[in-house]
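In: Kindly generate the corresponding structure for this input.
(2 chains)
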There are 2 protein chains.
Amino acid sequence: MRRLIPAVLLFAVLGVLLGPVTGLWATGSQGNEREETAVADTDHAASGSAGEEDASHGSSDEGSHGGHASPVTPVLLGLVIILIAAKIGGELAERFHQPAVLGELVAGVVIGNLALLGITSFEFLGTNEGIAILAEIGVILLLFEVGLESNIGEMLSVGASSLLVAILGVVAPFFLGWGVSAWFLPDENLLVHLFIGATLCATSVGITARVLTDLGKVTTRESKIILGAAVIDDVLGLVILAVVSGVISAANTGGTLASMDVLLIVLKAAGFLVGAILLGGWLSPRLFRVFSRLQIRGLLLTISLSFCFLLAYLANVIELAPIVGAFAAGLILEDAHFQDFLDRGEHQLEELIHPITTFLVPVFFVLMGIKVDLSTFGEKGVLGFAALLSVAAIIGKMVCAFGVLEKGLDRISVAVGMVPRGEVGLIFAGIGASLVLHGQPVISSAIFSAVVIMVIVTTLMTPPVLKITLARGERRKAG
Amino acid sequence: MRRLIPAVLLFAVLGVLLGPVTGLWATGSQGNEREETAVADTDHAASGSAGEEDASHGSSDEGSHGGHASPVTPVLLGLVIILIAAKIGGELAERFHQPAVLGELVAGVVIGNLALLGITSFEFLGTNEGIAILAEIGVILLLFEVGLESNIGEMLSVGASSLLVAILGVVAPFFLGWGVSAWFLPDENLLVHLFIGATLCATSVGITARVLTDLGKVTTRESKIILGAAVIDDVLGLVILAVVSGVISAANTGGTLASMDVLLIVLKAAGFLVGAILLGGWLSPRLFRVFSRLQIRGLLLTISLSFCFLLAYLANVIELAPIVGAFAAGLILEDAHFQDFLDRGEHQLEELIHPITTFLVPVFFVLMGIKVDLSTFGEKGVLGFAALLSVAAIIGKMVCAFGVLEKGLDRISVAVGMVPRGEVGLIFAGIGASLVLHGQPVISSAIFSAVVIMVIVTTLMTPPVLKITLARGERRKAG
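Out: Okay, the predicted model is just below:
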């Protein structure tokens, strides 16, 4: 009891006086805005601000007496469904000797298409922004993790092959797509064929990176060629889109393609990659040396994550994919940079990142599956074109096999690794649908559906096929 | 080359045929809706669907040539800022021998109030929904982690103290707040005083749990009493809000309080807690035994996270705080349940959870700081009432010290641990602002500001004061 009073006093005096005394508390009147602010939105429910709480409670007559309704509620339920579906799918896939990622994708496809059977209660999974952001952070960290397994020197040593693979993997699908389009849709404008060709150029490296991780192949030279080629491919994709969009816009206005724009895009992208690697490589060891003087726990993980997110953000700012930045961040970081942390007993960075990717990466792939709309396959008159487009998309990337300069490597697996189009192809097609040529969208509704099917086919087929070609490549090397 | 052709064929045949052949692909035409669907929104940019991509590209004339703009972009930048601020704040706090969480809160307060100095570029941090969801998952996992350090038996062994602490910590602040309000605002309606009293009852256990974790005290009996009391407090808070809101609504309509509603809330909350503990305790070992037969990696972490999220979700559904569910999940899970996983070489669950909380927990506390609006302190005529309210809030919870039945425990620290109101107090006040009595909001703008200050004071003061009282309690035990 005697100790109670001093504690109360200490608390009360410190507490109440703190406000007016310290220079921290700025002055200014807020009027009606005050409800937008302050400590709301946090521990308990973290819904909107107190103001939003007002709104929701003010307007509901259904006896909600305070409670904790919040935007996190559907995210929690979504995570439970997705995580369990991922593990069931992954387990089934592994029982059939397939990479776990295939099971996650298929689990997602099943969940995402239950609406076709009249079960609509899972539809929020595909539209919830919180889940989408968690998924995105998952794939960013996956590529970061994959980048950590390699370094810049190793990537440069296969640089020539990566460059050639990327270029072949852009040129071949482009002309094949153009050809298929010109043959199947003879009445369409040349620019439509061009755009369809461009749509086939994309590579979505997330799937491949994940398959390589699942199968423990991520440190092979083949993997490095694929990953390097995917980075270059992302840059080339930007350029092609810029050129094709520019040509279409020039055709509409009667002007000419602004080649300066295209040059600028190339310079920005190349500048980012070279800058990140040079500056990052110079800065990273120095930064970690400074930070290693700090005492606080968990610093290695936090600084590494910050570095990854920063490069992902910067990549995104110049319109590259965030995963390209995250991969670059992983390449730059070397165990040697944070030896001081390891010496004082912190875990290896890989060990710290791994539980986070175990949590978040499956969210990405299940969500990717959820977004697959199987009803596209039922659209009339689409399947024929979709089949041709898929074949063109696959053969186009198989040409990448010729880009591998090193002898004795498993070229087929490199080519197969470049096949999945994932969302990148869809983003391209989406842009095409938004571009207008002579009053018509360049990518019509039917063409868009065909592209969607091509994306589904190339994405879902890669895990099993890559597993087969990798096993064959290994037998050949051993034999 | 000879190997290229079979691979192409394998891919093409499997791929193209898969669609029409398997029963998976349902039929049905989509028409214009198809753009809302399919694999968009994923690897690269994961913005909205392809349809949204259309919109954004269709409408922008600023030369955006495809790129990867996405809702994740501001989240990435926000995480970089928040994570680095958290570590700088944490490091400074530890240099001054304070818990790291105080540094994180203050770092957040500084960032959140830069707008007062005219720097508005950080304002998105406080309003971004993605960051709010990550923060919320952070505090959910913090309470899960804290729950893992204890078990149901240990909690029940201090159950009587927890109950008494919770009841005292609700009754005393309620009457003190009522008294302060009646004395300072003599012209207000009795129901206004009632509501202000109710606002002082809340406990936000996130801060306390984090301080205990920072200081390595989370397994002490005092901690268990606080945590148990916080869970009970959350239930009591629901009841009080229901009663007070019911009384006000009855005063407006001339009806009477629907006591069945109140009973229902109590039954639901008690049912959830007892049900979770009984059913969860029975189910958990059986569930893990089944899952341990699966082969796939990362299962222990994923199942445990799913269990945590599920209970957090269910708690939220019946209007308890998600952290109450997460804490219950942590209590239920025992190392013994997943011995099979440990035997086959998976890491301890705590080791797997820890990197995730290292990443996400600071996001929560920095964001809590960001939401503090210092300009509230500058509002005219508010400070006096705010000071009185803060003293009432602090003394009210210090009474909790008398609720500790066990001899030789550090009662003062238990009481101090109950002091922070965090966002829970604000949610209460927000509801008060939305309730209308005789055409006026029950909690006026000035009263709301005073409550905000009380919340800031009790929240920011707890880490340093708790550190002092804990050290004193330890010296006393040792001496």
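In: Make sure A:Leu311 is actually in contact with A:Leu333.
Out: No: taking Cβ atoms under 8 Å as the contact criterion, A:Leu311 and A:Leu333 are not neighbours in contact, 10.2 Å apart. For glycine as for every other residue, the C-beta is placed from the backbone atoms N, C-alpha and C.
In: Is the helix or strand where A:Met398 lies positioned near chain B?
Out: Element membership of A:Met398, judged by DSSP states H and E, is helix A:383-398. Yes: using Cβ under 8 Å from any Cβ of the partner chain, helix A:383-398 reaches chain B at A:Leu383, A:Ala386, A:Ala387, A:Ser390, A:Val391, A:Ile394, A:Ile395, A:Met398.
In: Out of the residues you listed, give me the one that has the most neighbours.
Out: Neighbours were tallied for each of the residues of helix A:383-398 next to chain B (criterion: other Cβ atoms under 10 Å in any protein chain shown), and the maximum of 31 neighbours falls on A:Ile394.
In: Does anything pack onto the very next helix or strand once past the helix holding A:Met398? Which helices or strands?
Out: Next in sequence after helix A:383-398, counting helices and strands by DSSP H and E, comes helix A:411-417. Helix A:411-417 sits against helix A:159-184, helix A:205-214, helix A:221-253, helix A:383-398, helix A:445-478, helix B:4-21, with contacts defined as 3 or more Cβ pairs under 8 Å, 6 or more residues apart in numbering or on different chains; DSSP states H and E.
In: Which among those helices is found nearest to B:Glu149?
Out: Each of these was checked against B:Glu149 via Cβ to Cβ, and the shortest separation belongs to helix A:205-214, namely 32.2 Å.
In: I'd like to know how many residues surround A:Glu123.
Out: Applying other Cβ under 10 Å, we find 14 other residues in the vicinity of A:Glu123.
In: What of the one 10 residues further on?
Out: Here the count is done by other Cβ under 10 Å, and A:Ile133 has 25 residues near it.
In: Would you mind confirming that it is in contact with B:Ile133?
Out: Yes: using Cβ under 8 Å, A:Ile133 makes contact with B:Ile133 at a distance of 7.0 Å.
In: quick one: the helices in the stretch 51-200 of chain A?
Out: Listed in chain order, the helices of the stretch 51-200 of chain A (DSSP state H, counting those that start in this stretch) span A:72-95, A:100-112, A:124-127, A:129-148, A:152-157, A:159-184, A:190-199.
In: Quick one, which of these gets closest to B:Leu83.
Out: Evaluated with Cβ to Cβ, the helices of the stretch 51-200 of chain A place helix A:129-148 nearest to B:Leu83, the distance being 12.5 Å.
In: Is the closest one positioned near chain B?
Out: Yes: against chain B, helix A:129-148 shows contacts by Cβ under 8 Å from any Cβ at A:Glu129, A:Gly130, A:Ala132, A:Ile133, A:Leu134, A:Ala135, A:Glu136, A:Ile137, A:Val139, A:Ile140.
In: For my notes, confirm A:Ile443 occurs in a strand.
Out: No: counting by DSSP: H, G, I helix; E, B strand; the rest coil, A:Ile443 is located in no strand; its state is coil.
In: what helix or strand does the spatially closest residue to it that is not a sequence neighbour sit in?
Out: Here the nearest residue to A:Ile443 in space, its sequence neighbours aside, is A:Gly432; by Cβ to Cβ, 6 or more residues apart in numbering or on different chains that works out to 3.3 Å. Counting by DSSP H and E, the secondary-structure element that holds A:Gly432 is helix A:422-434.
In: what's the following helix or strand after that helix?
Out: Reading on from helix A:422-434 to the C-terminus, the next helix or strand found by DSSP H and E is strand A:436-437.
In: ok, and what's touching that following strand?
Out: Residues outside strand A:436-437 that contact it (Cβ atoms under 8 Å, 6 or more residues apart in numbering or on different chains) are A:Asn189, A:Leu191, A:Val192, A:Ile248, A:Ala251, A:Asn252, A:Val442.
In: model confidence over the helix holding A:Met398, on average?
Out: Across helix A:383-398, the average pLDDT comes to 93.
In: Adding distance to B:Gly298, write the helices and strands packed on helix A:411-417 out as CSV.
Out: Written out in CSV, the entries for the helices and strands packed on helix A:411-417 read as follows (distance: least, Cβ to Cβ, whole Å):
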stretch, distance to B:Gly298
helix A:159-184, 30
helix A:205-214, 11
helix A:221-253, 21
helix A:383-398, 30
helix A:445-478, 17
helix B:4-21, 28
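In: For B:Gly237, which of the ones you listed is the nearest?
Out: Using Cβ to Cβ as the measure, helix A:205-214 is the one of those that comes nearest B:Gly237, at 44.1 Å.
In: Please name every helix or strand in contact with that closest one.
Out: Based on contacts counted as 3+ Cβ pairs under 8 Å, 6+ apart, the elements that helix A:205-214 packs against are helix A:100-112, helix A:129-148, helix A:221-253, helix A:349-370, helix A:411-417, helix A:445-478.
In: just checking, which of those comes out with the lowest mean pLDDT?
Out: Among the helices and strands packed on helix A:205-214, helix A:221-253 has the lowest mean pLDDT, at a mean of 82.
In: ok, it near chain B or not?
Out: Yes: legend: contact between helix A:221-253 and chain B by Cβ under 8 Å from any Cβ is shown at A:Asp234, A:Gly237, A:Leu238, A:Leu241, A:Ala242, A:Ser245, A:Gly246.
In: check which helix or strand covers A:Pro285.
Out: Secondary-structure assignment from DSSP H and E places A:Pro285 in helix A:259-291.
In: Could you quantify the relative orientation of that helix and helix A:221-253 as an angle?
Out: Taking axes from the mean of the first three to the mean of the last three Cα atoms, to 10 degrees, one finds that helix A:259-291 is oriented at 140 degrees with respect to helix A:221-253.
In: Report whether helix A:259-291 contacts chain B.
Out: Yes: contact of helix A:259-291 with chain B (Cβ under 8 Å from any Cβ) involves A:Asp261, A:Ile265.
In: Buried residues in that helix, which are they?
Out: Neighbour-count burial for helix A:259-291 flags A:262, A:265, A:268-269, A:272-273, A:276-277, A:280-281, A:284-285, A:288, A:291 (criterion: 16 or more other Cβ atoms under 10 Å in any protein chain shown).
In: Cool, thanks, talk later.
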